[in-house]
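Chemist: My questions concern the predicted model and sequence given below.
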Amino acid sequence: MENIKIGVIGLGYVGLPLALAFAESIEVKGYDINAPLIKTLRKGIDPNSELDNFDLNQMNLSFHDNIEELSDCNVYIVTVPTPVTSLKSPDLRPLKSASKSVGSVLKQRDIVIYESTVYPGCTEEDCVPILEKFSGLKFGEDFKVAYSPERINPGDKKHTLRNTTKLVSACDTESLEFVSKLYNRVVEVGVYPASSIKVAEAAKIIENTQRDLNIALMNELSIIFDLMGINTLDVIDAAATKWNFLKFTPGLVGGHCISVDPYYLTYKSLELGYNPEIILSGRKVNDNLSKHIVKRTLSFLNHRMAPDTKPRVLILGITFKENVSDIRNSKTIEVARELMEQNIDVEIYDPYANAEELLSEYNLELIENIGENYDCIMVAVKHRSFESFDEDYFLKISNSNPVLIDIKSTYKDQIHAMRYWSL
Ligand SMILES: NC(=O)c1ccc[n+]([C@@H]2O[C@H](COP(=O)([O-])OP(=O)(O)OC[C@H]3O[C@@H](n4cnc5c(N)ncnc54)[C@H](O)[C@@H]3O)[C@@H](O)[C@H]2O)c1
């Protein structure tokens, strides 16, 4: 563990906190292709507002947009995005390009640790050949490779890098020992060594696939119970009194992990000749939930509006989940757009989201202050700052006979004078 210098490749939600954690005891160089981001970080600003009490100016940490400046590192940790294409296939371009960059500075006895979420086999079959090609070195003899998936949950102050067991895997026993010791420095609860890199890759993918499917089941149930006039949460609470019932709740599944990772597994499965019907069905149910929400919202609005009026809808929360600023793949954006296409006047309020980003990425505007005369208030995300809202407030900012669309049941049993609908 002596003379280690870590290079972290990709300084986003995963890479930045990891770089900071290691920098408490090891020299770390952070690298990102996003030059403006490097400038922001050098000023000591966390662009995602995720880090508490952090010091980006600490002695052990420096930020770079030139990979050459990381040529004196001997451990490289790759934390770049692994999105899907419009056809829902793995988009490995960032991972391949990061491997190329690392390959260009790789030296004998270095180790490359991948943390990005990938399908089983990706590290060894897709990344290693690129490292070999651009370094001119031989995998296994000259350099080693490890895989340790990230399990952080942005916005969650309870489950952190330090108190969540870290899965580690590597190409040989010696490297596995090395990465175990390395991560033990920052993970207080320790590591779990997986039996192979492929096992660790698969484990990460199924963590999110399982969650996706469990939520899909609850979403499907909520559609069925809606038709039956039964409250889904009441049913779930009742069922959860049985010891082996797993308590998941319905909701929009967006973001860049749970709604994306299953496609990495289904892609590989299809490539190997097996059609993963259950996983893909779950994805379909979750992807179509926004349409169901729009349909139900319209049914309330059409019921009461005169044909020539334009209903006013206030959407509270546009980020992909609660208490984060991340708007990528937010399903509420789809809901907002679909309502707008129906000639509805939609206003979006979200104190967590970045207005400029929402405008440039999705051409949607945020309002700075909540207005009034709404026909419908849709609470899409359970942000902490919405907890102080109550029925009196909703009535105050509404027209007569408004409806509260409470997607996550934030105000369940608290609404008596308004029409109310939840998943
Ligand atoms: N965000 C999460 O909650 C989370 C949790 C667990 C795992 N993961 C996985 O971790 C990986 C990273 O996710 P993230 O949320 O941190 O992504 P992110 O988009 O927040 O950050 C990735 C960073 O990598 C940079 N980058 C892209 N290509 C690069 C390249 N070729 N070289 C150097 N930098 C490059 C981007 O500019 C960006 O700053 C993904 O595989 C993701 O699935 C994410």
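Modeler: Structure's in. What do you need? Residues are numbered from 1 along each chain as shown.
Chemist: for this protein, what's the longest strand?
Modeler: Longest strand in the chain, counting residues (DSSP state E): strand 398-406.
Chemist: Next SSE downstream of that strand?
Modeler: strand 419-422 (DSSP states H and E).
Chemist: and that next one, which strands flank it?
Modeler: When pairing is defined by DSSP bridges, strand 419-422 lines up against strand 398-406 (parallel).
Chemist: Okay, buried residues for the strand it pairs with please.
Modeler: Residues S398, N399, P402, V403, L404, I405, D406 are the ones in strand 398-406 that count as buried (16 or more other C-beta atoms under 10 Å). C-beta coordinates here come from the backbone N, C-alpha and C atoms, glycine included.
Chemist: These: which two are farthest apart?
Modeler: Across the buried residues of strand 398-406, the longest distance by C-beta to C-beta is 18.0 Å; it joins N399 and D406.
Chemist: Now do N57, the pLDDT please.
Modeler: N57 carries a pLDDT value of 66.
Chemist: Same question for F178.
Modeler: 98.
Chemist: now swap in S330 and tell me
Modeler: 96.
Chemist: Number of residues surrounding it?
Modeler: For S330, the neighbour count with other C-beta atoms under 10 Å is 28.
Chemist: Quick check: it touching G254?
Modeler: Yes. With contact defined as C-beta atoms under 8 Å, S330 reaches G254; the gap is 4.7 Å.
Chemist: out of the buried residues of strand 398-406, which one sits closest to W421?
Modeler: For those, the nearest to W421 is I405 (5.4 Å; C-beta to C-beta).
Chemist: need the residues of this protein near the ligand, please.
Modeler: 9-15, 31-34, 37, 79-82, 94, 97-98, 101, 116-117, 150-152, 154, 256-257 (C-beta under 6 Å from any ligand atom).
Chemist: Which residue is it, in the protein, that comes closest to the ligand?
Modeler: G12 (1.7 Å; C-beta to the nearest ligand atom).
Chemist: thinking that residue is in contact with V78, fair?
Modeler: No. The criterion here is C-beta under 8 Å, and G12 misses it with V78 at 11.7 Å.
Chemist: more neighbours, those two?
Modeler: The neighbour comparison of G12 against V78 (other C-beta under 10 Å) goes to V78, with 25 against 19.
Chemist: What separation is there between the more buried one and L395?
Modeler: Distance of V78 to L395, given as C-beta to C-beta, to the nearest Å: 52 Å.
Chemist: what do you get for N369?
Modeler: In terms of C-beta to C-beta, N369 sits 18 Å off from L395.
Chemist: Among these two, which residue is more densely surrounded?
Modeler: Set N369 next to L395 and count neighbours by other C-beta under 10 Å: L395 wins out with 16 against 5.
Chemist: still on that earlier bit, between S330 and G254, what contacts are shared?
Modeler: Taking C-beta atoms under 8 Å, 6 or more residues apart in numbering as the contact rule, the neighbours common to S330 and G254 are F320.
Chemist: Is S325 in a helix, a strand, or coil?
Modeler: Under DSSP: H, G, I helix; E, B strand; the rest coil, the three-state class of S325 is coil.
Chemist: thought it was touching S49?
Modeler: Yes. Between S325 and S49 there is a contact under C-beta under 8 Å: 5.8 Å.
Chemist: and of the buried residues of strand 398-406, the nearest to Y267?
Modeler: Set against Y267, the nearest of those by C-beta to C-beta is I405 (34.5 Å).
Chemist: quick one: low-confidence parts of this structure?
Modeler: Filtered on pLDDT under 70, the chain yields the residue ranges 1, 51-57, 303-307.
Chemist: can you map out the strands along this structure?
Modeler: Under the criterion DSSP E, the chain carries strands at the ranges 5-9, 27-31, 61-64, 75-78, 111-114, 144-147, 166-170, 191-193, 312-316, 345-349, 374-379, 398-406, 419-422.
Chemist: possible to save those strands as JSON lines with distance to S388?
Modeler: Shown next, in JSON lines, are these (distance: least, C-beta to C-beta, whole Å):
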{"stretch": "strand 5-9", "distance to S388": "38"}
{"stretch": "strand 27-31", "distance to S388": "38"}
{"stretch": "strand 61-64", "distance to S388": "37"}
{"stretch": "strand 75-78", "distance to S388": "41"}
{"stretch": "strand 111-114", "distance to S388": "43"}
{"stretch": "strand 144-147", "distance to S388": "44"}
{"stretch": "strand 166-170", "distance to S388": "37"}
{"stretch": "strand 191-193", "distance to S388": "41"}
{"stretch": "strand 312-316", "distance to S388": "12"}
{"stretch": "strand 345-349", "distance to S388": "14"}
{"stretch": "strand 374-379", "distance to S388": "13"}
{"stretch": "strand 398-406", "distance to S388": "15"}
{"stretch": "strand 419-422", "distance to S388": "19"}
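Chemist: domains of the protein?
Modeler: 5-195, 218-422 (automatic domain parsing).
Chemist: thought A417 was touching L395?
Modeler: Yes. Using C-beta under 8 Å, A417 is in contact with L395, at 6.4 Å.
Chemist: wait, what's in contact with T79?
Modeler: Taking C-beta under 8 Å, 6+ apart, one finds V8, I9, G10, L11, G12, V14, G15, L18, E115, S116, E150 in contact with T79.
Chemist: quick one, what contacts the first one?
Modeler: For V8, the contact set (C-beta under 8 Å, 6+ apart) comprises G15, L18, A19, F22, V28, K29, G30, Y31, I77, T79.
Chemist: which of those are buried?
Modeler: Members of these classed as buried by 16+ other C-beta under 10 Å are G15, L18, A19, F22, V28, K29, G30, Y31, I77, T79.
Chemist: gap between the fifth one and P149?
Modeler: In other words, V28. Counting by C-beta to C-beta, the gap from V28 to P149 is 20 Å.
Chemist: And the second one, by the same measure?
Modeler: Distance check for L18 against P149: by C-beta to C-beta, it reads 12 Å.
Chemist: Find residues that contact each of those two.
Modeler: E115.
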